[in-house]
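> Quick one, fold the following:
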Amino acid sequence: MALSGGADSVALLRVLIALGYRVEAAHCNFHLRGAESDRDEAFVKHLCESFNVPLHLIHFDTDEYARVHQVSIEMAARELRYGYFERLCQDIGASTVCVAHHRDDAVETFLMNLLRGSGIHGLTGIRPRNGIVVRPLLGVSRQEVLEYLDSIAQDYVTDSTNLESIVLRNKLRLQVIPLLQQLNPKAVENIDKTASYLREAEKVYDAFMQNAVSTASSASQTISADEILRQPSPESFLFEWLSPHGFNASQIERILAALMGEPGREFLSPSHVLLIDRRTLVLEPVSEPVKPLRVPESGNYRFNGEKLFSFKESEEVSILKSADCATLDAANVQYPLTIRLVQEGDAFCPLGMEGRKLVSDYLTDRKLSLLEKRRTLVVVNANGDILWLVGHRPDHRYRVTPETTRTLSITLSEKS
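This next block holds a predicted model:
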């Protein structure tokens, strides 16, 4: 169990011992309060010796950890503490680590999340169990903890920083909650009840949303806008679908607004891109930049590790009729060629058509989404002309004619 030396953890230790549990204690010295931190460590050592409880001690340079990882001191201590507990459980073969959060802690967490504008998951308070961490005292108030210690004449240490109304949690504990209890003596108890009701509502919410999201996007990451808008709460649906992919609440609000009539909008998270295209939402991972491939002569070339292009010249004039092939008049082709992604402003003369056409307009006519357009490749002549819009059409200017004596066949095959 986690033993800081404070009233809560000392009470938990004494309760576990009284109930006959086999207990080993773990104490973290974060070196944040000078001599007071060393005092806490000495107290914990003496307490464990008194009850023959094995003690595991660890020292942390919390300030340095916070600086290196660019997190607050509170977050640094939390990450260090729980990381150590997990490793320690593995080392000693323990199934759980008990921590001494009580009902008042849960209420403080509820109020903190309420002030931060948390959703339903943040308003369910502290959970009795989270992985290997268990919290046996969640049904007990701080006052009951102190009364228990007094009844068994057990002393403890006090963290002086808990008495300073600097951080938000301390302000809630020292100022806000006492005021709420003046308004209603059962304020803490009632807030805790509210959190328990929300935990039950959360189960219903999670079950419904899990089913709705998995059904709507079972085979792919493409969902129609109409299907989303039919949900009881489109915003909640979007949040549950998109937040695991890095989209935040502000983005989700804008995405919902865009569903009402802003096709072509694009939204980015650190890992994914979401496109609203023709009343359809398309979600894909962010792609790594794709470099153009130089083709100095005929032969076989691997593009981006996935696509195999074959360039073959022949004096036999025959046209390969397939979307994955293009047959050109070799006399007009100038090496080096380039294979690359379509770029803004690209234009070509589609085979069988008169005049130039923007590639983007050509692909739009064929109802490709913006993401599909961006994945489209072109093979470019040395003079900059597009020879082939890969998978679609070659350029009319480089077609095979009755005067053609030598052909260049380009064939695409996907990596197997």
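> only C-alpha atoms for contact and neighbour calcs from this point on.
Fine.
> could you pull out the helices for the protein?
For the chain, the helices defined by DSSP state H cover 7-18, 35-50, 62-69, 73-92, 103-115, 142-151, 168-171, 177-183, 187-216, 225-229, 234-242, 249-258, 359-365, 370-375.
> who touches the fifth one?
For helix 103-115, the surrounding residues in contact (Cα atoms under 8 Å, 6 or more residues apart in numbering) are 122-126, 137-142, 168-169, 172-173, 188, 191-192, 195.
> just the buried members of the residues you listed?
Neighbour-count burial (16 or more other Cα atoms under 10 Å) is assigned, among the contacts of helix 103-115, to 122-126, 137-138, 141-142, 169, 172-173, 188, 191-192, 195.
> which of the residues you listed lies closest to residue 202?
residue 124 (7.9 Å; Cα to Cα).
> The closest one against residue 193, yeah?
No - judged on Cα atoms under 8 Å, residue 124 makes no contact with residue 193 at a distance of 9.9 Å.
> how about the helices of the chain in a markdown table, adding mean pLDDT and distance to residue 310?
Below are these laid out as a markdown table (pLDDT from 0 to 100; distance: least, Cα to Cα, whole Å):
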| stretch | mean pLDDT | distance to residue 310 |
| --- | --- | --- |
| helix 7-18 | 96 | 71 |
| helix 35-50 | 95 | 70 |
| helix 62-69 | 93 | 49 |
| helix 73-92 | 92 | 53 |
| helix 103-115 | 92 | 59 |
| helix 142-151 | 95 | 75 |
| helix 168-171 | 86 | 65 |
| helix 177-183 | 94 | 74 |
| helix 187-216 | 88 | 40 |
| helix 225-229 | 87 | 41 |
| helix 234-242 | 89 | 40 |
| helix 249-258 | 89 | 42 |
| helix 359-365 | 92 | 23 |
| helix 370-375 | 83 | 19 |
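> May I see those arranged in TSV, with distance to residue 348 as well?
Converted to TSV, those look like this (distance: least, Cα to Cα, whole Å):
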stretch	distance to residue 348
helix 7-18	74
helix 35-50	73
helix 62-69	51
helix 73-92	56
helix 103-115	57
helix 142-151	76
helix 168-171	62
helix 177-183	71
helix 187-216	39
helix 225-229	34
helix 234-242	38
helix 249-258	33
helix 359-365	7
helix 370-375	15
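> Among those, which comes closest to residue 272?
Across the helices of the chain, closest to residue 272 is helix 234-242 (Cα to Cα), at 9.3 Å.
> show me what contacts residue 133?
Contacts of residue 133 by Cα under 8 Å, 6+ apart are 96-99.
> I'd like to know which of those residues is nearest to residue 71.
Closest to residue 71, out of all of those and judged by Cα to Cα, is residue 99, at 22.9 Å.
> and the closest one, what does it touch?
Counting by Cα under 8 Å, 6+ apart, residue 99 makes contact with 1-3, 9, 12, 133-136.
> any idea how far it is from residue 137?
8 Å (Cα to Cα, to the nearest Å).
> Now the common contact residues for those two.
residue 12.
> now, which of the contacts of residue 133 lie within strands?
The strands, defined by DSSP state E, take in 97-98 from those.
> In terms of distance to residue 183, which of the contacts of residue 133 ranks first?
Checking the contacts of residue 133 against residue 183 by Cα to Cα gives residue 99 as the nearest, at 30.9 Å.
> Could you tell me the per-residue confidence at the closest one?
pLDDT, residue 99: 95.
> got it, and residue 377?
95.
> before we move on, what about residue 262?
67.
> measure residue 254 to residue 230 for me?
Distance, residue 254 to residue 230, by Cα to Cα: 18 Å.
> These two: which is more packed in?
residue 254 (12 against 9; other Cα atoms under 10 Å).
> In contact with the spatially closest residue to residue 282 that is not a sequence neighbour, which residues are there?
Computed as Cα to Cα, 6 or more residues apart in numbering, the closest residue to residue 282 that is not its neighbour in sequence is residue 222, at 4.6 Å. Each residue near residue 222 by Cα under 8 Å, 6+ apart is listed here: 280-283.
> wait, which of those is closest to residue 331?
Distances from residue 331 to those, taken as Cα to Cα, are shortest for residue 282 (42.4 Å).
> Tell me who's in contact with the closest one.
Counted by Cα under 8 Å, 6+ apart, residue 282 has contacts 221-223, 274-276.
> Please indicate which of these are buried?
222-223, 274-276.
> can you count the residues close to residue 346?
Residues lying near residue 346 (other Cα under 10 Å) number 15.
> what are the phi and psi angles of it?
phi -60, psi 140 (degrees, to the nearest 10).
> Skipping adjacent residues, who's closest to residue 333 in space?
Looking at residue 333 with Cα to Cα, 6+ apart, the closest residue is residue 381, at 6.4 Å.
> Kindly tell me how buried that neighbour is, as a neighbour count.
Using other Cα under 10 Å, residue 381 has 19 neighbouring residues.
> Next up, the contacts around it.
333-338, 387 are the contacts of residue 381 under Cα under 8 Å, 6+ apart.
> Going by neighbour count, which of those comes out on top?
residue 387 (28 neighbours).
> Can you tell me how far that residue is from residue 351?
For residue 387 relative to residue 351 (Cα to Cα), the value is 10 Å.
> Need the overlap of contacts for these two.
Shared contacts of residue 387 and residue 351, counting by Cα under 8 Å, 6+ apart, come down to 394-395.
> Surely residue 331 and residue 406 touch.
Yes - the pair residue 331 / residue 406 is scored as a contact, 6.8 Å apart, by Cα under 8 Å.
> The two: who's more crowded?
For residue 331 versus residue 406, neighbours defined as other Cα under 10 Å are more numerous around residue 406 (18 against 13).
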